[in-house]
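> how would this look folded up:
(4 chains)
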2 protein chains.
Amino acid sequence: MEFADLIARGRPRYRTATAFVEDVLREAILSGALAGGTPLRQEELAAAFDVSRMPVREALRQLEAQALVDFAPHKGAVVTEISASDAADHYAIRAALEPAALRLSLPHLTAEDLARAEGLLAEMDTEPDMSRLGDLNRRFHLVLYARAGRPRLIALVEQHLAAADRYLRFHFAALGRDKMGQHEHAALLAAASAGDAGEASRILTTHIETAARGIEAFFAAR
Amino acid sequence: MEFADLIARGRPRYRTATAFVEDVLREAILSGALAGGTPLRQEELAAAFDVSRMPVREALRQLEAQALVDFAPHKGAVVTEISASDAADHYAIRAALEPAALRLSLPHLTAEDLARAEGLLAEMDTEPDMSRLGDLNRRFHLVLYARAGRPRLIALVEQHLAAADRYLRFHFAALGRDKMGQHEHAALLAAASAGDAGEASRILTTHIETAARGIEAFFAAR
DNA sequence: CTTAATAAAATTGGATCCAATCGACAATCA
DNA sequence: TGATTGTCGATTGGATCCAATTTTATTAAG
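Predicted structure coming up:
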């Protein structure tokens, strides 16, 4: 368990132990530190987090509802497996939700929003660490959607953007670092700045479908 | 608490008490038996379900992840409020997800699927009970999406269809019983039977947006 | 009479303990 | 030899108990 060091450090920031355990576990799963199929023994986790089994159980329940772990009665929790079809599932959801969020948000984007998005794009060009790159990518997308004024929709998008991060490494391997959609990101930002919702939405759809196809190709190859 | 009678009856069907509590609470919230804003005291629920507080807590955690209750540390759980903006949020998600699911599913629909959908439509014409009507409506929609081959997408659609049921009574009040989209349902089914994905998707989008506007109008009026 | 401080009650968060269930391995029988 | 059954260990599900926090009631001061 190599995330043991993360544990002691972040501890006092949280109000409740359950929230602490939940956040660390989610991050570990989404980043790939906990691979798909890993069984999550309650007692083991409780010892690692230095809490009792109860906050672990509640955290696992919430992660189950977020489709990050599979629960079987009296069998326990297992990190959900990643697969080509699971990736296709997540990307189909993204392809449906994100253009909708963008269309709602775009008319209300401010100059500061666009500047922030541009800044994030620039950071992405020089960021070597993949996990941080995934974070920057998420934030870039979310900045563009944030003005949609639909908190549930945004929360869903955020959740599936994070889930897509589990496949980022495959995306990398399939398409290579520089091909990772920076052109599309720039074009998307340009269309958004011009206020062209139709064009922006088209680019975004293509962007997501391209990523999905890259991951599919990777799985097909191996 | 008028769902106390539901409790003892369904008890032995469930493998775990947590699943039992979770399902009954979700049904109660979605059907409106538990109104928005209702505080959910753990001990009270535990007594009503005749279990300890722990399965109640785990169930509430999962309902929180499903956005059916709001949790505040040391304050407890409250049934999430319904509102015009919340309805708009849910319907924006539906409008994004369901046409996508339909397009994926439509080419794989079988004659039996379409017959089942038609049967559900016929049942809806004569069903007086609103809660059953909501159930029939959900099943009609889901039959059309079920062949999409994207379990996560379908699960999301199912969740938000159920959430929309919380607003069904408003939809009723605003548009009246017969105007509740049976024309659109029939047209949707016809387009699906003809294999016309574009037309079916257009009708579905209109259908959802019409419902959303009806609910919005209801909230605006009162 | 209002407001601030404080003490008591109610409620949730967390820990420990016990019971129920599942998996593996061994023993028995066909 | 193979299948079935039974027992034991491991692990989770559930109950009870204690601690921490919030809220409410009370009291005192302005």
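
> by mean pLDDT, flag the weakest helix or strand of chain A.
Of all regular secondary-structure elements in chain A, judged by mean pLDDT, DSSP states H and E, the least confident is helix A:4-10 with a mean of 54.

> going on from it, what's the next piece of helix or strand?
Next helix or strand after helix A:4-10 toward the C-terminus (DSSP states H and E): helix A:17-31.

> is that next one in proximity to DNA strand D?
No - figure legend: helix A:17-31 not in contact with DNA strand D (Cβ under 7 Å from any atom of the strand); closest approach 10.7 Å. Where you see a C-beta, it was placed from the backbone N, CA and C, and this is true even at glycine.

> elements contacting that helix?
helix A:4-10, helix A:42-49, helix A:53-65, helix A:151-165 (3 or more Cβ pairs under 8 Å, 6 or more residues apart in numbering or on different chains; DSSP states H and E).

> would you agree residue A:114 is in contact with residue A:192?
Yes - in this structure, residue A:114 sits in contact with residue A:192. The criterion is Cβ atoms under 8 Å, and the distance is 6.7 Å.

> more crowded one of these two?
residue A:192 (24 against 16; other Cβ atoms under 10 Å in any protein chain shown).

> so where does the more buried one fall, helix or strand?
Assessed by DSSP H and E, residue A:192 sits inside helix A:182-193.

> now that helix - C-alpha only, CSV.
As requested, the backbone C-alpha atoms of helix A:182-193 are provided in CSV (Å, rounded to 0.1, in the frame of the first residue of the first chain):
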residue,chain,number,x,y,z
GLN,A,182,-4.0,20.5,-27.3
HIS,A,183,-4.9,21.6,-30.8
GLU,A,184,-8.5,20.8,-30.1
HIS,A,185,-8.3,22.5,-26.7
ALA,A,186,-7.0,25.7,-28.4
ALA,A,187,-9.7,25.6,-31.1
LEU,A,188,-12.3,25.0,-28.4
LEU,A,189,-11.2,28.0,-26.5
ALA,A,190,-11.1,30.1,-29.6
ALA,A,191,-14.7,29.2,-30.5
ALA,A,192,-15.8,29.8,-26.9
SER,A,193,-14.1,33.2,-26.9
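
> what's in contact with the very next helix or strand once past that helix?
Taking DSSP H and E as the definition, the helix or strand that follows helix A:182-193 towards the C-terminus is helix A:197-221. Residues outside helix A:197-221 that contact it (Cβ atoms under 8 Å, 6 or more residues apart in numbering or on different chains) are A:83-84, A:87-88, A:91-92, A:94-95, A:98-99, A:102-103, A:106-107, A:164, A:167, A:170-171, A:173-175, A:181, A:184-185, A:187-188, A:191-192.

> narrow these to those that are buried.
Members of these that pass the buried threshold by neighbour count (16 or more other Cβ atoms under 10 Å in any protein chain shown) are listed as A:84, A:87-88, A:91-92, A:94-95, A:98-99, A:102-103, A:106, A:164, A:167, A:170-171, A:174-175, A:181, A:184-185, A:187-188, A:191-192.

> those residues also near chain B: which ones?
Applying Cβ under 8 Å from any Cβ of the partner chain, the subset of the buried ones among the contacts of helix A:197-221 adjacent to chain B comprises A:88, A:92, A:95, A:99.

> return the member of the residues you listed nearest to residue B:57.
Of all those, residue A:92 has the smallest distance to residue B:57: 34.0 Å, by Cβ to Cβ.
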